[in-house]
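Asks: Fold the following and give me the result.
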Amino acid sequence: MRELVRLVEVMDTLRSDGGCPWDAEQTHESLAPYAIEEAYELVEAIEDGDREELRSELGDLLLQVVFHARVAQEHPDRPFDLDDVAKACSDKLVERHPHVFADVIAADSDQVTANWHAIKARTMGRESVMDGVPVALPALQRAQKVLARADRAGLDVPVPTGDDIGSRLLALAAEASAQGIDAESALRDAVRALESHARETERAGARRMDG
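Replies: Residues are numbered from 1 along each chain as shown. This next block holds a predicted model:
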C-alpha cells in the first residue's frame, strides 16, 4: 500500500503546476487509447507466461486508472478521486458476492455467476440483456458475449447460416462458445503461430541469400 500511495503522489506532482506539460494536457478522451493498448499488452504478457512482463504491464494498466482518477479530480461539476473509485469497486464486490458477505447460499461457481448477473441486471436498471456489451470490443469477443447473453436469457435467436463472411465468422464464434473456447484467444494463438512461421521462413530465405 505504501507504493500505491507513492504512485498517487507522483501522479499528482506530474499533473500539478510545475509538473509535466504533457501529463497536464491529458484528458479522459486523449488517454482512452492508451488504456486499450495497455490492456492488450497485459493479455499478451499473460499468454506469453512472462512474469516480469506481467508485473510491468499490470503497473502500466494501474497507471491508467491512477491517471484517469487524477484527471477526474479536476472536473468542475462531478469530481472524484482514486479513493472514490476504490470505494465503488469494493462496494460492488460486496454487493455481488452475497454468498460471502451476506446469507445467500451458492453451491458452486455456476450459481455464483447466475447470482452475479441477476444482481447486476437489477441494480443497473438495464432494459435489455444486451445492454452493457461494449461496442468497441473486438468483433469475435463481442460476438461471444452477445451469444452468451442471449443464451443466458433463454432467447431463441438462431445464428445466421448465410454464406457471407460475417455469418460464417459468427457461426464459428458460436461453435467456439459451444466448446467453451475463447474465440479471440484461439485466433490470437493461430496468428501468433502464423507469424512465427513467417518469421522463420523469412530468416531461412535470408540465410539462403547469404550463402
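
Asks: Which parts of the host helix or strand of residue 209 count as buried, going by neighbours?
Replies: Assigned by DSSP states H and E, residue 209 belongs to helix 183-210. For helix 183-210, a neighbour-count test (16 or more other CB atoms under 10 Å) marks 183-184, 187-188 as buried. For glycine as for every other residue, the C-beta is placed from the backbone atoms N, C-alpha and C.

Asks: Spatially central residue for the protein, please.
Replies: residue 39 (6.2 Å; CA atoms, centre = their mean).

Asks: Next up, the contacts around that residue.
Replies: Residues near residue 39 by CB atoms under 8 Å, 6 or more residues apart in numbering: residue 61.

Asks: how about the strand or helix carrying it: buried residues?
Replies: Applying DSSP H and E as the criterion places residue 39 in helix 28-48. By neighbour count with 16+ other CB under 10 Å, helix 28-48 contains the buried residues 34-35, 38, 42, 45.

Asks: For the protein, which helix or strand comes out least confident on mean pLDDT?
Replies: helix 109-124 (a mean of 83; mean pLDDT, DSSP states H and E).

Asks: tilt between the helix or strand that that helix is followed by and helix 109-124?
Replies: Note on helix 109-124: by DSSP H and E, the next helix or strand toward the C-terminus is helix 139-152. Angle, helix 139-152 to helix 109-124, by axes from the mean of the first three to the mean of the last three CA atoms, to 10 degrees: 90 degrees.

Asks: which strands and helices sit next to helix 139-152?
Replies: helix 165-178, helix 183-210 (3 or more CB pairs under 8 Å, 6 or more residues apart in numbering; DSSP states H and E).

Asks: mind giving me the domain ranges of this structure?
Replies: Following automatic domain parsing, the chain resolves into domains at 2-80, 85-125, 132-211.

Asks: picking that back up, just the buried residues of the least confident helix or strand of the chain, please?
Replies: 112, 115-117, 119, 121.

Asks: next one: stretch 141-151
Replies: For stretch 141-151, by 16+ other CB under 10 Å, it's 141-147, 149.

Asks: quick one on the thing from earlier: ok, of the buried residues of helix 28-48, which one's closest to residue 95?
Replies: residue 35 (24.7 Å; CB to CB).

Asks: surely that closest one meets residue 66?
Replies: No - using CB atoms under 8 Å, residue 35 and residue 66 do not qualify as a contacting pair, with a distance of 11.7 Å.

Asks: Pop out the phi and psi values for residue 16.
Replies: For residue 16, the backbone dihedrals (degrees, to the nearest 10) come out as phi -90, psi 170.

Asks: ok so, going back, got the CA positions of the helix holding residue 39 in CSV?
Replies: Only the C-alpha atoms of helix 28-48 are listed here, as CSV (Å, rounded to 0.1, in the frame of the first residue of the first chain):
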residue,chain,number,x,y,z
HIS,A,28,-10.1,11.2,-20.4
GLU,A,29,-10.6,11.2,-24.1
SER,A,30,-6.9,11.6,-25.0
LEU,A,31,-5.9,8.8,-22.6
ALA,A,32,-8.6,6.3,-23.7
PRO,A,33,-6.5,4.7,-26.5
TYR,A,34,-3.6,4.0,-24.0
ALA,A,35,-6.0,2.1,-21.7
ILE,A,36,-7.0,-0.2,-24.6
GLU,A,37,-3.3,-0.6,-25.7
GLU,A,38,-2.1,-1.4,-22.2
ALA,A,39,-4.9,-4.0,-21.7
TYR,A,40,-3.9,-5.8,-24.8
GLU,A,41,-0.2,-5.7,-23.7
LEU,A,42,-1.3,-7.2,-20.4
VAL,A,43,-3.1,-10.1,-22.2
GLU,A,44,0.0,-10.7,-24.3
ALA,A,45,2.2,-10.9,-21.2
ILE,A,46,-0.2,-13.4,-19.6
GLU,A,47,-0.4,-15.6,-22.8
ASP,A,48,3.5,-15.5,-23.1
